[in-house]
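Trainee: with the input below, show me the fold.
(2 chains)
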Amino acid sequence: MNTRRILAVVTARNREFYRDKAGLGWNIFMPVVMVLGLAFIFSNPDETLYKVGVLGAPPAGQTAFLRTLHIRFIAQDDEAAAIDKVRYHRIDLLLDLRGAPRYWVNDLSPRGYIVERLLLQSYAQPAAGLTREAVSGRAVRYVDWVLPGVLAMNVMFSSLWGVGWVIVRYRKNGVLRRLRATPLTAGEFLVAQIISRLLVVSGVTVLVFAGTHALLDFPMRGSYLALGLVFFAGAIALVSLGLMVSARVRSEELADGLLNLMSWPMMIMSGVWFSLEGTNVWAQRIAEFLPLTHMVDAARRVMLDGAGLDEVGFEIAVLLGIGSVLLTLAARTFRWQ
Amino acid sequence: MPPLLQVENLIKHYPGVRAVDGVSFAVAQGSCFGLLGPNGAGKTTTLEILEGVTDADQGDILFRAAPRNDGYRQVIGIQFQHTALQEFQTVRDTLQLFASFYARRRPMDELIELCHLGELLGRDTAKLSGGQRQRLLLAIALINDPDLVFLDEPTTGLDPQSRRNFWQLIEGIKRAGKTIVLTTHYMEEASVLCDEIAVIDRGRIIEQGRPERLLEKHFPRALVRIPRHALGPADDLPAGFELRGDYAVAATSDIDRVLSTLNRRGIALDELHISSPTLDDLFLKLTGHGLREA
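Mentor: Just a heads-up that it's a prediction; the model follows:
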């Protein structure tokens, strides 16, 4: 590996990125606009399906609420974890039927309010039969919950397309062929692409984070170092995925299709927009293999729960492991032409 | 002195076609060697194999009498026929990028002067004219002060003035003692620049040597051409003539005798054309079709 050659390619690629004003603007402002749009949309949600967590089995005679249509009842085992789910809008209400009935609801959740009204009307004597418990700690808005996912998703798109699409374009228009005719090795070229994209992703993520924080005042309770490492490890995994996709493909259309094939399942199944709580168990298992799932989970725990580096170390390790495997595959299958 | 580059029995197949079919030649140090042929003849594939961009199915390539090694790319320079450069880079950025790849580098100022790029250094490479772009690509090919330079149809698409300007650049490279392997389908270009040529058609070399020796070998002194229609309805051609396309052509060292023959048959000489044979004529004679025909 020749450092001078790698740095020269990194510099050229970065120059290509920041001199493309339209592309640069899109990379920075698109996620900000997306977050603001979400904040607006979910300030007045209009949904008909609710999720209620249930602790314990329902006693006889108190099951009317549990037969309510358009509500999904999801059994819960761990009270603390279930309360967190109420806090983070994963479920709209938590009903504890293990002893004297009680429930938790997030005061900032419009859906929680509706479900609470339904619950209270289902009991003949609600005041005597039910105890209302408050969710402790600072309540979390939906936009607070979704924002770590949007940031992670932006990292995903920038990593996948910023490397995968670009390399296929280089291959198609002959840039790779010209570089191949020089002493630059494939390894040096790939390392340069990774470094360049990590620099770009890091810079853009910091800008988007700062911009959205100024506009939305979302919580950031954990370590900035931990959050940075989560996104950095996620970017490594996803850049490696982009490299693997582009290792041999020559058609931009095919590359676009493959990158979409990779990104859409992650966007849907990694819990960016909604929790997979209560969905098909296989979908939840598959989600565990997706790098975006680990990045979103870890980012949420840092930003919302105040998790430190040691608490998200597992996710960082998983992301780096995925990155190592994919990068090895990409390096072995890469072709200049 | 052994040749700088020795090529033995190169073969390259693509699905359904044998692009290079047993090509062998040698390139002397300090010479300009031309591969001539129509589009699709196999000259670009041959060149790409020599450049190390494409692998041959069979054959040997010796550089300085030894198989090519990792250091080969450090001492060759390449100007591709079709190539792209990274976007949003100036001429200066592009030269610096390519310069960083090599251990040996030609002084940038010298290179800029040689290729007349001084006024273009700050210009985006996407905004260069055809001739300017070719000069930049030549500068990239020379950036490592290479011992061996490959130029693949370097003047294709240029206007006549730009082409001649480019020839002057290449002649300057020759004077500096560099060895050049050049492909072209411009015969005038080969005549001006090449010390030795190989005529390639359908993947095979069909003739090879110094241009003037090949012309002497195949044509005695002059070519007499007369349009086919000027010969009248008679089917038989005058003695010494053969049909090449719409013309009857005689290669001769005795022009008076040919003219007497035409006079005796009462053929009008208004459209008669006498010329020295060119490489175009040579290619036509060797292959039966023109250089620009596929």
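
Trainee: give me the element residue B:34 is part of.
Mentor: Using DSSP states H and E, residue B:34 sits in strand B:32-36.

Trainee: hmm, the next helix or strand after that strand touching chain A?
Mentor: Helices and strands here follow DSSP H and E; after strand B:32-36, the next one along the chain is helix B:43-51. Yes. With CB under 8 Å from any CB of the partner chain as the threshold, helix B:43-51 lies in contact with chain A, specifically through residue B:51. Yep, even glycine has a C-beta here, placed from its N, CA and C like the rest.

Trainee: where does residue 146 land in three-state SS?
Mentor: Since you didn't name a chain, this refers to chain A. Of the three states, residue A:146 takes helix under DSSP: H, G, I helix; E, B strand; the rest coil.

Trainee: the intended chain is chain B.
Mentor: Classification of residue B:146 into helix, strand or coil gives coil, according to three-state DSSP.

Trainee: for the stretch 51-200 of chain A, what lies in contact range of chain B?
Mentor: Taking CB under 8 Å from any CB, the part of the stretch 51-200 of chain A that reaches chain B is made up of A:170, A:173, A:174, A:175, A:177, A:178, A:180, A:181, A:182, A:183, A:184.

Trainee: now do 10 Å
Mentor: Counting by CB under 10 Å from any CB of the partner chain, the residues of the stretch 51-200 of chain A lying close to chain B are A:166, A:169-170, A:172-185, A:188.

Trainee: report the buried members of the residues you listed.
Mentor: Neighbour counting by 16 or more other CB atoms under 10 Å in any protein chain shown classes A:166, A:169-170, A:173-185, A:188 among those as buried.

Trainee: before we move on, what SS does the closest residue to chain A within the stretch 101-250 of chain B have?
Mentor: Taking CB to the nearest CB as the measure, the point where the stretch 101-250 of chain B comes nearest chain A is residue B:101, at 4.2 Å. Secondary structure for residue B:101, judged by three-state DSSP, is coil.

Trainee: who are the neighbours in contact with residue 218?
Mentor: You didn't say which chain, so I picked chain A. Contact partners of residue A:218, counting by CB atoms under 10 Å, 6 or more residues apart in numbering or on different chains, are A:35, A:39, A:140-141, A:143-148, A:209, A:212, A:303-304.

Trainee: that's the wrong chain, I wanted chain B
Mentor: Counting by CB under 10 Å, 6+ apart, residue B:218 touches B:207, B:251, B:277, B:281, B:282, B:285, B:286.

Trainee: shouldn't the second one be within a helix?
Mentor: Yep, that's residue B:251 we're talking about. No. Counting by three-state DSSP, residue B:251 is not part of a helix but strand.

Trainee: now do the contacts for it.
Mentor: B:218-224, B:240-242, B:258, B:277, B:281, B:285.

Trainee: pull up the pairing partners for the strand holding residue B:34, direction included.
Mentor: For strand B:32-36, the paired strands and their directions (DSSP bridges) are strand B:179-184 (parallel), strand B:196-201 (parallel).

Trainee: now that strand, how far from the centre of its chain.
Mentor: Relative to the chain's own centre, strand B:32-36 is displaced by 5 Å; criterion: CA atoms, centre = their mean, to the nearest Å.

Trainee: residue A:68 touches residue A:122, doesn't it?
Mentor: Yes. If you go by CB atoms under 10 Å, residue A:68 and residue A:122 touch, sitting 6.8 Å apart.

Trainee: buried ones in stretch B:258-277?
Mentor: Of all the residues in stretch B:258-277, those buried under the rule 16+ other CB under 10 Å are B:258, B:259, B:261, B:262, B:267, B:277.

Trainee: filter those residues down to just the ones in helices.
Mentor: Secondary structure assignment by DSSP state H places B:258, B:259, B:261, B:262 of the buried residues of stretch B:258-277 in helices.

Trainee: and which of the residues you listed is nearest chain A?
Mentor: Ranked by distance to chain A (CB to the nearest CB), these are led by residue B:258 at 50.7 Å.

Trainee: what ranges does the chain have for its helices?
Mentor: Picked chain A for this. Residue ranges of the helices in chain A, as given by DSSP H, are A:3-19, A:21-41, A:79-87, A:110-122, A:126-129, A:142-160, A:166-173, A:175-180, A:186-216, A:224-246, A:252-269, A:281-287, A:291-305, A:313-333.

Trainee: correction: the question concerned chain B.
Mentor: B:43-51, B:91-99, B:108-114, B:130-141, B:160-175, B:187-193, B:211-218, B:255-264, B:279-287.

Trainee: give me whichever of those is most buried.
Mentor: Counting by mean count of other CB atoms under 10 Å in any protein chain shown, helix B:43-51 has the highest mean neighbour count of the helices of chain B, with a mean of 24.

Trainee: OK, contacts around residue B:162?
Mentor: For residue B:162, the set of contacting residues under the criterion of CB under 10 Å, 6+ apart consists of B:129, B:130, B:131, B:132, B:134, B:135, B:155.

Trainee: just the pLDDT at the fifth one, thanks.
Mentor: So that's residue B:134. Listed pLDDT for residue B:134 reads 86.

Trainee: on that earlier part again, can you put the helices of chain A in a markdown table and add mean pLDDT?
Mentor: As requested, these are arranged in a markdown table below (pLDDT from 0 to 100):
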| stretch | mean pLDDT |
| --- | --- |
| helix A:3-19 | 89 |
| helix A:21-41 | 73 |
| helix A:79-87 | 89 |
| helix A:110-122 | 84 |
| helix A:126-129 | 56 |
| helix A:142-160 | 87 |
| helix A:166-173 | 90 |
| helix A:175-180 | 90 |
| helix A:186-216 | 88 |
| helix A:224-246 | 93 |
| helix A:252-269 | 87 |
| helix A:281-287 | 83 |
| helix A:291-305 | 91 |
| helix A:313-333 | 92 |
